[in-house]
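Undergrad: Following is a predicted model, sequence given first.
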Amino acid sequence: MTRMRARLLVLHVLVLTLLVVLATRLWQVQVVRGQEFVTRATETRTRAVIVPAVRGQILDSSGRPLVRNKTALVVSVDRTRLSRMRDGGVKVLGKLSKVLGTPVAQLQQRITPCGPGVGKPCWTGSPYQPVPLDEKVDTREALQILERQEEFPGVTAEIHSVRQYPGGRAGAQMLGYLQPVTEAELEKREGLKAAFSGVDLAGRDGLEYVYDEALRGKAGLRRVQVDRMGKALGVEEQVTPIPGDHLVTSIDSRVQNITERALAKAMKSAPAADGGAGVVLDARTGRVVALASAPGYDPAIWAGGISARGYQWLLSEKSGKPLVSRAINGQFAPGSTFKVSSVSAMLRAGYPLNGTYGCPGSYTVGGRAFNNFRGIGLGTLSLHTALVKSCDTIFYRAAYEQYLKDGGRSPKKKPKEIFANMARAFGFGSPTGVDLPGESGGRIPDRAWKKNLWNATSATNCERSRKGYPEVKDKARAEFLKRLALENCTEGFLLRPGDSANFSIGQGDVLVTPMQLARAYMALVSDGKVRSPRIGWAQVRPDGKVVRTIPVPVVGKLPLSEKERLYIKNALSQVAADGTAAGAFAGFPMNKVRVGGKTGTAEVWGKQDTSWFASFAPTKNPQYVVVVMVSQGGMGAQTAAPAVREIYEGIYGIKRPKAAVPGGRLTTRLPRFAPDGTVARG
């Protein structure tokens, strides 16, 4: 009995203890932390939905869309929510597969984060961002998802704007493309994570990248009350998104299309051609009127995620790497188009402007004969005629003489390097600063560059001088490479006499981009100022108000007098009529539009020549600078010059019922917008 009472007493104490603990806990929950849990309970019934802003359009100089938006139903999946399910979301993806008609394995691949060993398509975006799986669903498919939301947890179907390219492949590399915002970007860009809509895309190249912030706009916010099943009950708060600004460019879509067609035709005319570029600048302002690169691609390939095969194709050698812009990234020897720099260097070195110079068939530099084109001597010439007829030996001699004055193989402590420094004054050897990402800087091979190259490659060259090139099957070629390796090993740090000769005619180690060459000619034939070209012209709000105008910076000035510039310009003005490009312009109405310029034929080891033609028109008061380059296109007069002619014919309406640019005069005023944002007048 006593034992029973003891047990009951222990039980009573235990029950009382539990009641005290429970009461204490209830007091903490209801009194001490009551407000906190009320707030939490309220939060669980509210979902914050960030509403994406409509991205701004990219327009040409008259307001024609280069990139615009179209509405589309987009199905997206929250991969984080799927990953928390017991089966990893396989059941949900199975149901979604039946609706979209896409295999489950493909859907799983699309939502898998990209990384080492992961094939494309994969997810390049942030884990905070739902993964768009289909941007082309119809209303019936979307309703199947929305009406049975309990069967599709983590899946949404909403209307969003997606990019559309009215010009197709035209200017694809220049316009750029969009891709999901990555987690690294969210962490790096302050404020972006908080205002991230979950379906926003970021510019990855071209204008989309450079002007991404302006085009993006500002996302809105919608707070939605939901029940415990996630079903929406009502909107608690809503902040309207602010659409992105439009980017008005200086591109004329008509001239862009003409340039694209002319370049494509030039590529077809040269069987070995593997790449090309066309640049059209406004000679008066430094703005870009057209920018073409071949081979090109359709930017719509990025919509909805690019496939592994598609991505590899954009970067493969077999396709010609169409993702790369030859206009700003392609670096090529410029050939005789570079002689405008060499003539200028001669003038700064003291050679008389109105002097006469011998043009023999060959000239000996450092014990080696350097030949004129086809070894033909042209007698005694003025600098004017040397440019028109493109004599090489005059420039060989001048460059070699200046090389010797600098000390030759034993250079002075501070050599003048007049030819190299003049090239830099023209803007060669450094990026132009055009408003596009990833621009190449070209190469001006002076003594410092030669020494730096030797420091980086001497070990390899010395090893090759001993081991040779057993992998090269051609014995003569292998022996030549071995001798060259020995020479570079022992004295590769020296600028050789032949280097100076090759430099003077844009050969050897000289590399320029088509944009650099166009910029140099623009400075020469206009006011002598070196500008950093611009494609963006103005940032305009959707209601038509101009936010800002994008200026064209002046970054230098040619060290030439107006008289000297006019002399060179007048010489170039005769090339298409009576010089090396006369054949290409035979029958062209020079009395209507006189075209000046310079052909270039640059030799490339193991390949066909690079074809160039750098031009301007009208010669008296230039409005355009047009440069065309075709890699492995042969002679400049054979491939590039006819393409330039076709561009001018299109601009001025020669052989066409209507001129692309009436009167050949580009617009100097921004397009006018109506209050609703539409273009009122071009």
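TA: Structure's in. What do you need? Since the model is a prediction, treat every value here as computed from it, not as a measurement. Numbers count the residues shown, from 1 in each chain.
Undergrad: what residue is smack in the middle of this protein?
TA: When Cα atoms, centre = their mean is applied to the chain, the residue found nearest the centroid is Gly206 (4.3 Å).
Undergrad: Next, the contact list for it, please.
TA: Gln173, Met174, Leu175, Gly176, Tyr177, Leu436, Pro437 (Cβ atoms under 8 Å, 6 or more residues apart in numbering). C-beta: built from backbone N, CA, C; applies to glycine.
Undergrad: Can you tell me the closest non-neighbouring residue to the fourth one?
TA: Nearest residue to Gly176, sequence neighbours excluded (Cβ to Cβ, 6 or more residues apart in numbering): Gly206, at 2.5 Å.
Undergrad: Break the protein down into its structural domains.
TA: 47-244, 253-299+315-333+522-530+560-664, 335-353+368-504 (automatic domain parsing).
Undergrad: Of those domains, flag the one that's most buried.
TA: Most buried of these, by mean neighbour count (mean count of other Cβ atoms under 10 Å): domain 253-299+315-333+522-530+560-664, with a mean of 21.
Undergrad: Mind listing residues that contact the strand or helix carrying Lys450?
TA: In this structure, Lys450 sits in helix 447-467 according to DSSP states H and E. For helix 447-467, contacts defined as Cβ under 8 Å, 6+ apart pick out 411, 415, 417, 443, 481-482, 485-486, 488-489, 492-495, 499, 509.
Undergrad: Same question for stretch 253-263.
TA: Outside stretch 253-263, the residues touching it (Cβ under 8 Å, 6+ apart) are 60, 62, 64, 66, 167, 169-171, 276-278, 280, 289-292, 294, 296, 628, 630, 643-644, 646-647, 650-651, 660-661.
Undergrad: will you turn the contacts of Gly206 into CSV that also has distance to Ala602?
TA: Formatted as CSV, the contacts of Gly206 follow (distance: Cβ to Cβ, whole Å):
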residue, distance to Ala602
Gln173, 23
Met174, 24
Leu175, 29
Gly176, 29
Tyr177, 32
Leu436, 24
Pro437, 27
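Undergrad: Could you find the closest non-adjacent residue to Cys391?
TA: In space, and not counting its chain neighbours, Cys391 is closest to Cys359: 4.0 Å by Cβ to Cβ, 6+ apart.
Undergrad: For that neighbour, grab the count of nearby residues.
TA: Neighbourhood size, Cys359 [other Cβ atoms under 10 Å]: 23.
Undergrad: Is the nearest residue to Leu100 once chain neighbours are set aside part of a helix or strand, or is it coil?
TA: Nearest in space to Leu100, with sequence neighbours left out and distances taken as Cβ to Cβ, 6+ apart, is Asp134 at 5.4 Å. Following DSSP: H, G, I helix; E, B strand; the rest coil, Asp134 is assigned to strand.
Undergrad: Ala398 in helix, strand or coil?
TA: Quick answer, by three-state DSSP: Ala398 is helix.
Undergrad: and it, what does it touch?
TA: By Cβ under 8 Å, 6+ apart, the contact set of Ala398 is Ser342, Ala345, Met346, Ala349, Tyr351, Ser504.
Undergrad: for this protein, which helix is longest?
TA: helix 2-27 (DSSP state H).
Undergrad: Quick one: distance of that helix to the chain centre.
TA: With Cα atoms, centre = their mean, to the nearest Å as the basis, helix 2-27 stands 78 Å off its chain's centre.
Undergrad: ok, for Glu141, nearest residue in space, not its chain neighbours?
TA: Using Cβ to Cβ, 6+ apart, the closest residue to Glu141 is Val99 (5.4 Å).
Undergrad: ugh, wrong one, I meant Glu562
TA: If the residues on either side of it in the chain are set aside, Glu562 comes closest to Gly528, at 7.1 Å by Cβ to Cβ, 6+ apart.
Undergrad: ok, now Arg534?
TA: Nearest non-adjacent residue to Arg534, counting by Cβ to Cβ, 6+ apart: Val552, 4.8 Å away.
Undergrad: Repeat that for Ser382.
TA: Thr356 (5.9 Å).
Undergrad: my read: the one you found touches His384, true?
TA: No - assessed by Cβ atoms under 8 Å, Thr356 is found out of contact with His384, at 10.5 Å.
Undergrad: Checking Arg163 next. Helix, strand or coil?
TA: Following three-state DSSP, we place Arg163 in the strand state.
Undergrad: Now do it against Arg204, distance only.
TA: Using Cβ to Cβ, to the nearest Å, we find Arg163 at a distance of 12 Å from Arg204.
Undergrad: Name the residues contacting each of those two.
TA: With Cβ under 8 Å, 6+ apart, Arg163 and Arg204 have common neighbours Tyr177, Leu178.
Undergrad: just to revisit the earlier point, which ones among the contacts of helix 447-467 lie within helices?
TA: Among the contacts of helix 447-467, the members falling in helices are Leu481, Lys482, Ala485, Leu486, Asn488, Cys489, Asp499 (criterion: DSSP H).
Undergrad: Span of stretch 415-434 from start to end?
TA: Criterion Cα to Cα, to the nearest Å; first-to-last residue distance in stretch 415-434 is 32 Å.
Undergrad: quick one: average confidence on it?
TA: Here stretch 415-434 scores 97 as its mean pLDDT.
Undergrad: Equivalent analysis for stretch 77-94, please.
TA: On average, stretch 77-94 scores 77.
Undergrad: tell me how far it is from the chain's mean position?
TA: Between the centre of stretch 77-94 and the centre of its chain there are 38 Å (Cα atoms, centre = their mean).
Undergrad: Can you tell me what sits against stretch 414-428?
TA: With Cβ under 8 Å, 6+ apart as the criterion, stretch 414-428 contacts 338, 340-342, 344-345, 348-349, 399, 402, 405-407, 429-430, 442, 444-447, 500, 503-504, 510, 512, 516, 519-520, 523-524, 530, 555-556, 558-559.
Undergrad: Identify those among those residues that sit within strands.
TA: By the criterion of DSSP state E, membership of those in strands covers Val530, Val555, Gly556.
Undergrad: hang on, Val324 packs against Ala172?
TA: No - the pair Val324 / Ala172 is not scored as a contact, 11.1 Å apart, by Cβ under 8 Å.
Undergrad: Just the pLDDT for Val226.
TA: You'll see Val226 listed with a pLDDT of 62.
Undergrad: Adjust the sequence numbering to begin at 11 for everything that follows.
TA: Sure, I'll start counting at 11 from here, so that last one is Val236.
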